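> fold the following for me, if possible:
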Amino acid sequence: MKSWANFRMVLKTYPFQSPFNYCQSVLGIPPLLFINCICLVLLLGACDRDASLEEEETEKTTVPTTLAKQDFPLDNLSSFSSASDAWAIAGNAFASITTSDFSVEEGTGALVCTNGANTLTPISTQMEHGDLEMDLEFLLPKNGQGQLWLQGRYAIQLEDTWGGESRRCGMLVGSTSAEDRLAPVNASRAPGLWQHLSLYFEAARFDSDGKKISDAKLHYLRLNGYTLLENVDLTAPSAGASATDEVAEAPFVFASQSGAVAFRNIHYKAYTLDQLQVSNIQYKLYQGDWDRLPNLDTMTVSSSGTKEDFDVEMEGYVDKYAMSFSAQLEVPVAGEYLFETRIDDGGDLFIDGELLIHNDGEPGMGTERNLITLTEGSHTIDLSYYQDVWGKRLLVFYEGPSIKRQSLGAKETAEGPRRGPKKMVVNPTDGPELIRSFVNHKGEKRNFPISVGSPLGVHFTFDLEEGTLLHAWRGAFADVTNMWVGRGHSQLLIPGNASAQVSTGVSVAELASTSGTWPSGLPEGYSIDGYDLDADGYPIFKYQFEGMQFSDQVLPTSEGNIERTITVAGGTPQASHYARLATGQIEALESGWFRIDGEYYIDVDEATVGGTNNELLLVPLEGKESVTYHLIW
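Model (predicted):
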């Protein structure tokens, strides 16, 4: 809108007299109306283009970046073997933050062990796995311990280490205690909260005689969103393993070690060693000057030949040329495949003569993806490519049923680990540190946050767009490598530990009743007014709504939690005005606390559960000077 408004102002200020006089005298159209018509036509054209771009973008986002994981069935115990009576299927599990109490709810969807003994109680899957990607959630009571056994041989420790210095939760158990690989931070949540763990395991490799030729490897291990370990070689089974030999495939094992434990939302990809095979690669080379992918069928071939891969480097050619490749593609297993091309400057990918990926646009690197269902056996694959100026690149990646992501038609068949720059970490010393940046919140990039680090080791991120708390975490404050090293392209601040990610949206609003819908975005009449600093350097955020002024302060506590106080600084709240503390699945606990989405607790003196589906934790503002609550995770 601003550009068209400026254009209109220029026309008003510097009129072109002759055409406008013509409009007035001959057509009877006032010059200002004529200007407005021009602006309207241009604006409608721009809006139509923006709408087309939005539709195009929507179409692009329907293609996933990776194939979905399988759900591990938890309807009954038929997917397991060697189960003791301590294991069962339940609908949900609950544990105390202060005691070892543990209870379950009838239903399906959760694997639970109610054994309270201090002894290893395992349950093995019927499924045997080699390479494996897995996501799951687990829940422990106070002082609870469990384990995950990859192939029943390599153990990952699960342990209640909340509030302490222990780094055993997420530890890799070594063949001896001296070889235990502790987690770099204590990323454990409080007892009674569901915790998220994800991993990528690569099994040991063996030659045709059964001799091990490479160790098993843990490519990554993440706890509550924080990467604990990367690219760790597993040279031998862990102490206590049921088998000490190393194998290509074996069952996955869940275990209770001390007290009860529960698992849910188990998703996985079990990989084989199958690969797509490309052979008989033929190329043709064309010369020309283009800023878009040309129609190579109408052009004269400058040279042709064979290649071992889809290599676009040609001796004697730097810029201004194009290439086409044709090859045979062997598919080992039928199913859905995801292909991706990364091309600088542009090109197309065809399979069996059908266009699968069009990757063209402004000169430079572009990434596009698409899905295709392939039958087992022989297919054809064709690629086109053009080089305008500067960088040259043509990369093709794929993944398929039980086939991990890897490159196709390249000298290297898989993407190796990328060595990034040395991390730059900021930690507060004498007082609070305040950093403005972008921040990821539940997969969405937030554009107007401020992160506050405390010497107490408890930190948070506040959203200055909607006036609300976003994250809270303990330990190291901020990894600012993506902001301050190199070109700082993403400008993302990364919390120094696993964080509690709380609800977005404004913090106060008007509702006709507690069963109403909380507004999305910034309601009319709502303004965010920045912040002041208190005597210790912590920000006090300010916002206004319907003639009322609010101050909002978030502070770390010596217990390692967050205390937030929303104060009515001006105006008089009515019965329809509420503060919202959380949105999600809300469980009221006997302690008076509330558990939100199973991921964090809220301790508040007075609150009510409302919303259309009991998804809002609300505090009425009428008659109150302030609302204070504690966030515990």
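
> neighbours of residue 184, how many?
Residue 184 sits with 15 neighbouring residues when counted by other C-beta atoms under 10 Å. For the C-beta atoms, the positions are set from N, CA and C on the backbone; glycine is no exception.

> surely it and residue 227 touch.
No - using C-beta atoms under 8 Å, residue 184 is not in contact with residue 227, being 9.0 Å away.

> neighbouring contacts of stretch 588-598?
97-98, 137, 139, 192-194, 502-503, 582, 584-587, 601-604, 607, 609, 617, 632 (C-beta atoms under 8 Å, 6 or more residues apart in numbering).

> quick one: end-to-end distance for it.
End-to-end distance for stretch 588-598: 11 Å, by C-alpha to C-alpha, to the nearest Å.

> the nearest residue to residue 486 once chain neighbours are set aside: what secondary structure?
Excluding the flanking residues, the one nearest residue 486 by C-beta to C-beta, 6 or more residues apart in numbering is residue 421, at 6.1 Å. What DSSP: H, G, I helix; E, B strand; the rest coil gives for residue 421 is coil.

> from here on, call the first residue 45.
Renumbered: residue one is now 45, and that last one reads residue 465.

> any idea how far residue 465 is from residue 385?
For residue 465, the distance to residue 385 (C-beta to C-beta, to the nearest Å) stands at 27 Å.

> tell me which of those two has more neighbours.
A direct count of neighbours by other C-beta under 10 Å for residue 465 and residue 385 places residue 385 higher, at 26 against 9.

> ok, now which ones touch that one?
Residue 385 neighbours (C-beta under 8 Å, 6+ apart): 391, 393, 401, 403, 411-413, 438-441.

> narrow those residues to just the buried residues.
Buried subset of those (neighbour count, 16 or more other C-beta atoms under 10 Å): 391, 393, 401, 403, 412-413, 438-441.

> can you show me the strands along the stretch 545-677 of the chain?
Taking DSSP state E, counting those that start in this stretch to define them, one finds strands in the stretch 545-677 of the chain at 552-554, 570-577, 583-589, 592-600, 606-614, 621-627, 630-632, 638-640, 644-648, 652-654, 660-664, 670-676.

> show me what the helix or strand harbouring residue 494 is packed up against.
Assigned by DSSP states H and E, residue 494 belongs to strand 493-497. When contacts are defined as 3 or more C-beta pairs under 8 Å, 6 or more residues apart in numbering; DSSP states H and E, strand 493-497 sits against strand 477-480, strand 483-485, strand 502-507, strand 520-523.

> how near is residue 509 to residue 549?
Computed with C-beta to C-beta, the distance linking residue 509 and residue 549 is 10 Å.

> show me the domain layout of the chain.
With automatic domain parsing as the criterion, the domains of the chain are listed as 46-105, 114-315, 321-451, 469-676.

> going by mean pLDDT, which of those domains comes out lowest?
Here the lowest mean pLDDT among these goes to domain 46-105, at a mean of 49.

> quick check on residue 222: phi, psi?
For residue 222, the backbone dihedrals are phi -70, psi -20 (criterion: degrees, to the nearest 10).

> what is the burial count for it?
Counted with other C-beta under 10 Å, residues neighbouring residue 222 total 6.

> is the residue nearest to residue 479 when sequence neighbours are not counted bridged to anything, and to what?
Excluding its sequence neighbours, the residue lying closest to residue 479 (C-beta to C-beta, 6+ apart) is residue 495, at 4.9 Å. Beta-bridge pairing for residue 495 (DSSP bridges): residue 479, residue 505.
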